[in-house]
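*Asks:* Please work out how this folds:
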Amino acid sequence: MRRLDCVLRRTRILRIRALSASLPGTTHRGPVTKRHSETSSKKAELLLAAARYLNETLELERVYDRFRELLAEAVPHGGVIVSSFDRETGLISCDYAWVDGDKIDPAILPPLPLNREGGGMQSRVIVSGEPLLVNDVPEQVKDPAGVYYDVDRKGRMRKLPDEGPPGVQSAMMLPVKHEGEVVGVVQLMHERARYDRQQLELAEGLIGLMAAAVRNARLHAQEQAEAAARARAEATAAEREHAARVLEAVGDGVFLLDGEGSIRFWNRAAELVTGQRRDDVLGRPAGDVFGGWHAVSAEIPVSEGASPATPVTLPLEVDGRELWLSFVAVRSPGGVVYAFRDLSVERGLEAAKSDFIATVSHELRTPMTAVLGAAKTLLRDDIELSAERRQQLLEMIGAQGTRLTQITEEVLLANRLDRGDLRVDSERVDLAELVREAVEAMRERLPESVSLSMSTNGAAAALGDRGRIEQVLVNLIDNAIRYSPEGGEVMVRTAHSEASVRVEVADEGIGIPLVEQSSVFEKFYRGDPQHRAVPGGTGLGLYISRELVRRMGGTIGVRSRPGEGSTFFFELPRA
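*Replies:* I've put the predicted structure just below:
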């Protein structure tokens, strides 16, 4: 196919050459009118063939090359320069240059300002809009009103006539027009030949065709550039949409602060972490969302360029809550992008671990110290112990051993609840009877300042695990006794409705502040963390109670006022 194109192209060139040869300088016979008619016909045929040849390509550089090929067949020349004229800037710029058989980079030739007084051959053509034919170039360049340059095949420029005589004898300057306005100039030059009007007219016709082909090529290039720009814009939009979807899907909160410190982007994860809706925060300063932002943001390192972002974890107040957020920040063209994740739970777990270690260490130390002291006393042979004293020490070892066993069982049970591998049965249980048994068992552990009573409203059958219900009851009664350091009454009551059976354990102890009531069922919570007012504990009893009740399909809660005591209750489905 490529070879066929080359053959067709060569055929057209030969056809155009033949037409060109038959125009001026050919001997004709017959009347002058007939010769003129034949010449006009040949010229029209030549221009039609040239138009077809020029419009076969939409590449601008190939249009210029083909134009020069056509000129080589029609008008002798040693150089061709095609320039464009910009009316806004008033500059004449070279678009195509061919000198002595070689193409020259147009960028070598600097733009020239238009001489509106008509000085200089190019300026004269642009100002007048008429072609210029000069067969005495060496004389023309002596005119001081114009500026003239010469260029050789290597692109070297000389100012004429200051740097020597011109290398050409004749030149044609022809305007390139569009809708009646001059938009450029074509220069044809020859070192020896002289040009005539017939060659000028033929060159004008070819230039008109070239100008149309150039416009088509430029329109095509513009369309391609616009299509490429649209494709790039669509690709960019698609990338941004994809990035936005990714940012919406990631688990980390992401927001963008512009140069004024206002929020310009806020993803779904940021909404979930902070509880602040996107529509409510966009356009607002970050300080309106994060309490103390100005002080906190100064501690967040902002990554620049390719440097890695360094995370930093800081506490911030968001809508009245304290959150521990881990931030990384990267500077972008639109401002600073912050990504954050909520580490409040992790911080809480770390604090809980610390509390657990401290609490269990404290709880274990007391009974172990008592057991160790009693055992060492019994083992001493340098003192004589009475039978009563020996009995007391043995009872102490038994009681403290039981306490150690309870602590161990609580820790192991909490761990099984966390893993979810604790089995809980569901059977019919008489809660009134179970309450009576638990109260009687706990009476033996009452201090003298506390009284324990119960009130049951007849039979109260519920569905649950008898052993686990008893464990919950013992935990709640023991909790009520320990948090009544000044003494008072502990009352256990039962009540029932159509759907459930309720058990309440009320005391007259120190009570629980309202803000802490939602936390008392969490692991390791202690209403008296410094162990000042009440005996120690692991902080696992209420957590275990909550989890056991939930697994039996029930609910648990508390009502309390500081200094007025507390009422813990749980409900189980009625059997």
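*Asks:* show me where pLDDT drops low in the stretch 151-300 of the chain?
*Replies:* Scanning the stretch 151-300 of the chain with the threshold set as pLDDT under 70 gives 243.
*Asks:* in it, which spans are helices?
*Replies:* Assigned by DSSP state H, counting those that start in this stretch, the helices in the stretch 151-300 of the chain fall at 197-249, 268-274, 278-281, 293-297.
*Asks:* Please enumerate the strands of the stretch 351-500 of the chain.
*Replies:* Ranges of strands in the stretch 351-500 of the chain, per DSSP state E, counting those that start in this stretch, are 427-430, 450-455, 461-464, 488-496, 500-506.
*Asks:* Mean neighbour count and distance to A107 added to these, as JSON lines?
*Replies:* No exception for glycine: its C-beta is placed from N, CA and C like everyone else's. Formatted as JSON lines, the strands of the stretch 351-500 of the chain follow (neighbours: other CB atoms under 10 Å; distance: least, CB to CB, whole Å):
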{"stretch": "strand 427-430", "mean neighbour count": "15", "distance to A107": "96"}
{"stretch": "strand 450-455", "mean neighbour count": "16", "distance to A107": "102"}
{"stretch": "strand 461-464", "mean neighbour count": "22", "distance to A107": "92"}
{"stretch": "strand 488-496", "mean neighbour count": "19", "distance to A107": "98"}
{"stretch": "strand 500-506", "mean neighbour count": "23", "distance to A107": "92"}
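*Asks:* Looking at the helices of the stretch 151-300 of the chain, which is nearest to V474?
*Replies:* helix 268-274 (40.1 Å; CB to CB).
*Asks:* Now the closest one: buried residues?
*Replies:* 269-271, 273-274 (16 or more other CB atoms under 10 Å).
*Asks:* now those in CSV, with distance to M552?
*Replies:* Output for the buried residues of helix 268-274, formatted as CSV (distance: CB to CB, whole Å):
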residue, distance to M552
A269, 36
A270, 39
E271, 36
V273, 34
T274, 36
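*Asks:* rewinding a little: any chance of the helices of the stretch 151-300 of the chain in TSV, with distance to A461 too?
*Replies:* Shown next, in TSV, are the helices of the stretch 151-300 of the chain (distance: least, CB to CB, whole Å):
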stretch	distance to A461
helix 197-249	51
helix 268-274	44
helix 278-281	51
helix 293-297	57
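*Asks:* Surely F85 forms part of a strand?
*Replies:* Yes. Counting by DSSP: H, G, I helix; E, B strand; the rest coil, F85 falls inside a strand.
*Asks:* That one contacts V186, doesn't it?
*Replies:* No. F85 lies out of contact with V186 (CB atoms under 8 Å); the separation is 11.6 Å.
*Asks:* who's more crowded, those two?
*Replies:* Taking neighbours as other CB atoms under 10 Å, F85 and V186 compare with V186 leading, 26 against 23.
*Asks:* show me the contacts for that one.
*Replies:* 80-83, 172-174, 176, 203, 207, 210 (CB atoms under 8 Å, 6 or more residues apart in numbering).
*Asks:* Could you give me the ChimeraX syntax to select whichever of those residues are buried?
*Replies:* If you want just the buried ones from those in ChimeraX, going by 16+ other CB under 10 Å, the selection is:
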select :80,81,82,83,172,173,174,176,203,207,210
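*Asks:* residue ranges with poor pLDDT in the stretch 1-150 of the chain?
*Replies:* Answering for the stretch 1-150 of the chain: the residues below the bar, that is pLDDT under 70, span 1-43, 118, 146-147.
*Asks:* Show residues contacting stretch 325-339.
*Replies:* Surrounding stretch 325-339, the residues in contact under the criterion CB under 8 Å, 6+ apart are 252-259, 264-265, 273, 300-304, 309-316, 340-344.
*Asks:* just the strands in the stretch 1-150 of the chain please.
*Replies:* Using DSSP E, counting those that start in this stretch, strands in the stretch 1-150 of the chain cover 79-86, 91-99, 102-104, 112-113, 132-134, 148-151.
*Asks:* just checking, F524 touches G541?
*Replies:* No. F524 is beyond contact range of G541, at 10.8 Å (criterion: CB under 8 Å).
*Asks:* Am I right that I510 falls within a helix?
*Replies:* No. Under three-state DSSP, I510 sits outside any helix and is assigned coil.
*Asks:* give me the beta-bridge partners of D86?
*Replies:* Beta-bridge partners for D86, by DSSP bridges, are L91.
*Asks:* Give me the neighbour count for it.
*Replies:* Neighbour count of D86, defined by other CB under 10 Å: 13.
*Asks:* repeat for the one 5 residues further on
*Replies:* The local packing of L91 (other CB under 10 Å) involves 15 other residues.
*Asks:* And for E248?
*Replies:* Counted by other CB under 10 Å, the residues lying close to E248 total 11.
*Asks:* again, but for F568
*Replies:* Neighbours of F568 using other CB under 10 Å come to 25.
*Asks:* hmm, back to that, need the contacts of V186 in a markdown table (columns: distance to E571).
*Replies:* A markdown table is the format used below for the contacts of V186 (distance: CB to CB, whole Å):
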| residue | distance to E571 |
| --- | --- |
| V80 | 102 |
| I81 | 100 |
| V82 | 96 |
| S83 | 96 |
| M172 | 108 |
| M173 | 106 |
| L174 | 104 |
| V176 | 97 |
| A203 | 106 |
| I207 | 101 |
| M210 | 97 |
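*Asks:* Look up how far P311 lies from the residue lying closest to E317 once chain neighbours are set aside.
*Replies:* Leaving aside its sequence neighbours, E317 sits nearest to G291 (CB to CB, 6 or more residues apart in numbering; 3.3 Å). Between G291 and P311 the computed distance is 21 Å (CB to CB, to the nearest Å).
*Asks:* Much appreciated, bye for now.
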